[in-house]
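K.L.:
model the structure of this input:
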Amino acid sequence: MKKYKLVVCGGTFDYFHKGHRDFLSFAFSLSEKVIIGISSSFFAKEKLQKEVEDFNKRKLAVSAFLQEEKLIDRSEIVELKDFYGLTLEDIPLEAIIVTENTLKGAEIINEKRKELGLKPLNMEILPQTLAVDGQELSSSRIRKGEIDKEGKVFMDSLWFEKKIYLPEKLRDRLKVPFGTLIENFEDEIKNNSFINSITVGDVVTSFFNAKNLKQKISVVDFYVERQKKYNSLEELGFSSDVLLINAINPRGMLTPSLFRSVEKAFDLIGEKKVVVFVDGEEDLAVLPVILFAPYGFKVYYGQPGKGVVEVAVDLESKKKARDIIAEFRPDS
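P.N.:
Okay, the predicted model is just below:
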């Protein structure tokens with residue numbers, strides 16, 4: 001027998017993650033049936049001021065979990081179009097399931113229920129699920145690209161402390177395009193927006209500037225195929241009105257200087273273009289760039305003699321970049 005017959009819980013369930021699974025499992029451990037409110041896209045954006053995935057995508061993720069855990073027959077999913085949802089209706093609700101972060105909302109709901117002559121709901125509180133780094137496991141951190149859906153961080157603190165070296169076994173693997181190879185990039189620019197784009201490499205950066213594609217960040221070193229070609233940012237098509245960050249990164253490695261510089265570049269994103277100038281070689285910079293970039297960004301780099309590679313920054317590309325860097329050898 002469960003503690004309750006009917007309880008309610010709610011959330012946006014954006015980027016459905018381990019914390020959401022823990023939350024729903026907790027609710028079903030207490031009640032025979034659970035009403036699950038999922039914020040509508042309009043409510044999330046206009047009232048909660050959150051950028052979230054489409055409602056149907058979030059609902060599908062919740063439903064898939066319920067099916068997998070054989071809980072679908074004990075659940076009812078409703079669309080939340082306002083703060084209260086079904087909690088003010090005269091239905092036999094007994095409790096509201098919350099986390100430590102949403103307890104205040106439950107208290108507001110109960111105050112409103114009292115005003116309407118309804119019995120306050122018991123509040124069952126689940127401690128916040130934490131990520132591996134001990135911080136909150138949240139959709140906003142996932143969206144920013146800090147952690148994955150299991151709470152694993154994409155960055156290793158070691159990378160900010162010691163140089164790490166490219167092992168020989170990875171060299172051929174890194175010659176394979178990391179994303180989609182676009183052979184005729186000139187045609188690609190006609191039908192695409194590059195508002196959240198990043199360029200790595202001098203040739204692709206020069207092309208973006210010539211076409212006024214307004215990339216947010218560029219990483220350059222003035223070399224093309226290890227031959228010095230440029231002597232200034234102006235030769236690459238930049239105006240003097242850029243934010244310049246310098247990094248030191250010799251060939252065949254990733255340095256703390258590069259990681260810190262790329263991190264700073266994302267902190268400085270705004271009206272002005274940000275340029276990371278690498279004293280050394282920027283070929284491997286695409287890896288930390290992908291790790292630091294928020295979801296929805298795209299990274300472009302050149303594939304000599306073949307075209308331009310487009311990498312969509314998402315969970316898959318971040319995991320791939322993290323796993324590759326994890327194989328680098330640390331400085332002794």
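
K.L.:
for the stretch 1-150 of the chain, which spans come out with low pLDDT?
P.N.:
Scanning the stretch 1-150 of the chain for pLDDT under 70 picks out 47-48.

K.L.:
just the stretch 151-300 of the chain next, same as before
P.N.:
Ranges of the stretch 151-300 of the chain meeting pLDDT under 70: none found.

K.L.:
can you do 80?
P.N.:
Scanning the stretch 151-300 of the chain for pLDDT under 80 picks out 190-191.

K.L.:
now do the helices in it.
P.N.:
Using DSSP state H, counting those that start in this stretch, the helices of the stretch 151-300 of the chain run over 168-175, 185-188, 202-210, 256-267, 286-292.

K.L.:
out of those helices, deepest packed?
P.N.:
Neighbour counts (mean count of other C-beta atoms under 10 Å) averaged over each of the helices of the stretch 151-300 of the chain peak at helix 286-292, with a mean of 25. All C-beta atoms are positioned from the backbone trio N, CA, C, and that covers glycine.

K.L.:
may I have it as CSV, with CA atoms only?
P.N.:
Listed next in CSV are the C-alpha coordinates belonging to helix 286-292 (Å, rounded to 0.1, in the frame of the first residue of the first chain):
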residue,chain,number,x,y,z
VAL,A,286,38.0,23.0,-31.8
LEU,A,287,37.8,20.4,-28.9
PRO,A,288,37.7,22.9,-25.9
VAL,A,289,35.5,25.2,-28.0
ILE,A,290,32.9,22.6,-28.4
LEU,A,291,33.0,21.8,-24.6
PHE,A,292,32.6,25.5,-23.7
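
K.L.:
on contacts alone, who are the packing partners of it?
P.N.:
With contacts taken as 3 or more C-beta pairs under 8 Å, 6 or more residues apart in numbering; DSSP states H and E, helix 286-292 sits against strand 197-200, strand 217-220, helix 256-267, strand 298-303, helix 315-325.

K.L.:
how does it look with 10 Å?
P.N.:
Packed against helix 286-292 by the contact rule (3 or more C-beta pairs under 10 Å, 6 or more residues apart in numbering; DSSP states H and E) you find strand 197-200, strand 217-220, helix 256-267, strand 298-303, strand 307-312, helix 315-325.
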